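Visitor: sharing a model prediction with you, sequence too.
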Amino acid sequence: MTVNRPLRVAVIAGEASGDQLGAGLLAALKQRVPDIEFAGVGGSAMQRQGLVCWADQEQLAVMGLFEVLRKLPSLLRLRRRLRQQIIDWKPDLFLGIDAPDFNLPLARMLRVQGLTTAHYVSPSVWAWRQGRVHGIRRSIDLMLTLFPFEGDFYAQHDVPFAFVGHTLADRLPMQPDTAAYRHRLGLTGTEPILGLLPGSRRGEVARIAPDFLAAARLLRQRTPTLRVLIPAANTLRHQELTQLLMPDDADWMTLLEGHSHDVLGASDVVLVASGTATLETALLKKPMVVGYRFSGLTYWVGKFLMRIPWVALPNILARRFVVPELLQGELTPERAADELYDFLHNPERRQQCIECFEDMHKRLGRAADDVAADALLDLIAEKAAEGNAGA
């Protein structure tokens with residue numbers, strides 16, 4: 001590929017999970033094009049791969065329809081600023097990673113200006129608000145999909161896509177070494193371990209963590225040797241969770257900053273907020289209970305628009321309820337503790353869950369970073385050739 005300057009990719013990743021996906025992809029692009037330049041929005045992992053960051057990623061970490069509305073003025077200002085920065089920088093590609101309500105409208109604005117655009121991580125358009133697909137078709141030149149069933153939907157609606165699989169499935173072993181994870185955390189006993197992950201956003205922790213912690217305390221009453229590990233997503237979440245702990249919890253609960261992967265690997269069972277963490281939990285072959293509580297209006301609007309009966313990624317991938325989903329009023333400490341206790345003490349149920357996760361792992365492992373990097377470079381080359389032909 002002949003250019004007068006290094007290849008440039010503007011990229012915006014909306015939250016911690018997007019930062020991890022983006023970091024692997026940026027590394028794969030650098031292997032192919034060593035002098036490539038990256039700028040936009042991302043976290044520490046993407047910045048270690050050379051991303052010049054133009055804004056704090058935390059500004060985009062908003063979940064829920066009405067939560068977004070409250071922050072809408074500042075989000076619109078940020079998008080206008082980033083739009084102009086990207087246009088002035090003149091990248092060869094704009095790539096949005098997740099955060100579809102922010103990134104896809106931005107991609108459409110940039111595409112109108114003649115920029116090549118792509119999006120990594122399909123929004124759940126196949127599950128709800130399916131009419132969004134028409135806007136997606138106008139916004140991007142390529143959709144990079146994580147899951148096999150998404151391609152069928154985009155093919156039906158004439159949206160160019162590439163199924164790349166999930167980078168977590170490439171990085172994680174089929175048979176995790178639980179003892180090694182425990183050793184890394186300094187754990188030497190054989191007591192049962194509950195991993196407790198109440199989300200990475202402030203609103204999630206506020207709505208979910210009190211019931212998660214109460215469920216852990218109930219489970220401890222029934223399993224006196226239980227130990228609980230809680231990996232806070234960042235310093236702010238650590239501070240918020242610290243305020244929710246009771247003095248007696250210190251004897252058997254450990255609150256960490258980060259280390260979510262090690263906590264999942266070390267656990268026997270996991271209580272986790274719905275989101276990307278559920279997929280990592282499944283790929284580590286850990287039985288889980290998924291809980292979530294949206295704001296009231298967001299939940300009822302979403303329930304009206306949903307086209308599938310599942311929320312948790314493992315259930316969506318399996319097309320059945322493999323793990324319990326406790327949403328809104330169903331998320332009670334008693335119900336969560338009962339489900340967790342059953343996973344700890346019902347070997348047959350545990351094994352069925354693990355076998356399903358192993359099948360998932362096999363289907364998602366496709367060298368995602370490499371496949372995605374090749375697809376994006378092919379797109380850039382194709383658009384450059386079209387531009388040269390039209391010149």
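Guide: Sure, I can see it.
Visitor: let me know whether Gly291 touches Gly329 as I believe.
Guide: No: Gly291 is beyond contact range of Gly329, at 11.5 Å (criterion: Cβ atoms under 8 Å). No exception for glycine: its C-beta is placed from N, CA and C like everyone else's.
Visitor: tell me the contacts of the residue nearest to Val290 when sequence neighbours are not counted?
Guide: Distances taken as Cβ to Cβ, 6 or more residues apart in numbering place Ala312 nearest to Val290, at 4.2 Å, with adjacent residues excluded. In this structure, Ala312 makes contact with 274, 278, 290, 323, 325, judged by Cβ atoms under 8 Å, 6 or more residues apart in numbering.
Visitor: tell me which of those fall in helices.
Guide: Thr278 (DSSP state H).
Visitor: so which of the contacts of Ala312 wins on neighbours?
Guide: The most crowded member of the contacts of Ala312, judged by other Cβ atoms under 10 Å, is Val290 (27 neighbours).
Visitor: what about that one, distance to Gly42?
Guide: Using Cβ to Cβ, to the nearest Å, Val290 is found at 27 Å from Gly42.
Visitor: so which residues of the stretch 51-200 of the chain form helices?
Guide: Secondary structure of the stretch 51-200 of the chain, counting by DSSP state H, counting those that start in this stretch: helices at 65-70, 72-89, 100-112, 132-139, 148-156, 167-171, 178-184.
Visitor: before we move on, what about the stretch 251-391 of the chain?
Guide: 260-266, 276-283, 296-305, 313-318, 333-345, 347-364, 368-390.
Visitor: which of those helices sits most buried?
Guide: Mean neighbour counts were taken over those using mean count of other Cβ atoms under 10 Å, and the top value, a mean of 26, falls to helix 276-283.
Visitor: who are the packing partners of that helix?
Guide: helix 167-171, strand 193-197, helix 260-266, strand 269-273, strand 288-292, helix 313-318, helix 347-364 (3 or more Cβ pairs under 8 Å, 6 or more residues apart in numbering; DSSP states H and E).
Visitor: tell me which of these sits nearest to Tyr120.
Guide: Among those, helix 167-171 comes nearest to Tyr120, with 10.3 Å by Cβ to Cβ.
Visitor: returning to what we had before: wait, which of the helices of the stretch 251-391 of the chain is closest to Leu78?
Guide: Taking the helices of the stretch 251-391 of the chain one by one with Cβ to Cβ, helix 296-305 is closest: 21.4 Å.
Visitor: picking that back up, which of the contacts of Ala312 sits closest to Arg363?
Guide: Thr278 (16.0 Å).
Visitor: give me the pLDDT for the closest one.
Guide: Looking at Thr278, its pLDDT is 96.
Visitor: ok, now which ones touch it?
Guide: Thr278 touches 272, 288, 290, 312-314, 323, counting by Cβ under 8 Å, 6+ apart.
Visitor: with mean neighbour count, mean pLDDT and distance to Ser122 added, can I get the helices of the stretch 51-200 of the chain in JSON lines?
Guide: Output for the helices of the stretch 51-200 of the chain, formatted as JSON lines (neighbours: other Cβ atoms under 10 Å; pLDDT from 0 to 100; distance: least, Cβ to Cβ, whole Å):
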{"stretch": "helix 65-70", "mean neighbour count": "14", "mean pLDDT": "55", "distance to Ser122": "19"}
{"stretch": "helix 72-89", "mean neighbour count": "14", "mean pLDDT": "94", "distance to Ser122": "20"}
{"stretch": "helix 100-112", "mean neighbour count": "20", "mean pLDDT": "95", "distance to Ser122": "8"}
{"stretch": "helix 132-139", "mean neighbour count": "17", "mean pLDDT": "93", "distance to Ser122": "9"}
{"stretch": "helix 148-156", "mean neighbour count": "15", "mean pLDDT": "91", "distance to Ser122": "5"}
{"stretch": "helix 167-171", "mean neighbour count": "21", "mean pLDDT": "93", "distance to Ser122": "15"}
{"stretch": "helix 178-184", "mean neighbour count": "15", "mean pLDDT": "96", "distance to Ser122": "31"}
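Visitor: select, out of those helices, the one closest to Arg201.
Guide: Nearest of those (Cβ to Cβ): helix 65-70, 8.7 Å.
Visitor: tell me which helix or strand of the chain sits lowest on mean pLDDT?
Guide: The weakest-scoring helix or strand in the chain, judged by mean pLDDT, DSSP states H and E, is helix 296-305 (a mean of 53).
Visitor: ok, which of the helices of the stretch 51-200 of the chain comes nearest Ala10?
Guide: helix 72-89 (4.6 Å).
Visitor: three-state assignment of Leu229?
Guide: Secondary structure, DSSP: H, G, I helix; E, B strand; the rest coil: Leu229 is strand.
Visitor: number of nearby residues for it?
Guide: Leu229 has 24 nearby residues by other Cβ under 10 Å.
Visitor: need the contact list for the residue lying closest to it once chain neighbours are set aside.
Guide: Leaving out its chain neighbours, the residue that sits closest to Leu229 by Cβ to Cβ, 6+ apart is Val263, at 4.5 Å. Contacts for Val263 (Cβ under 8 Å, 6+ apart) come out as 185, 195, 197, 229-231, 256.
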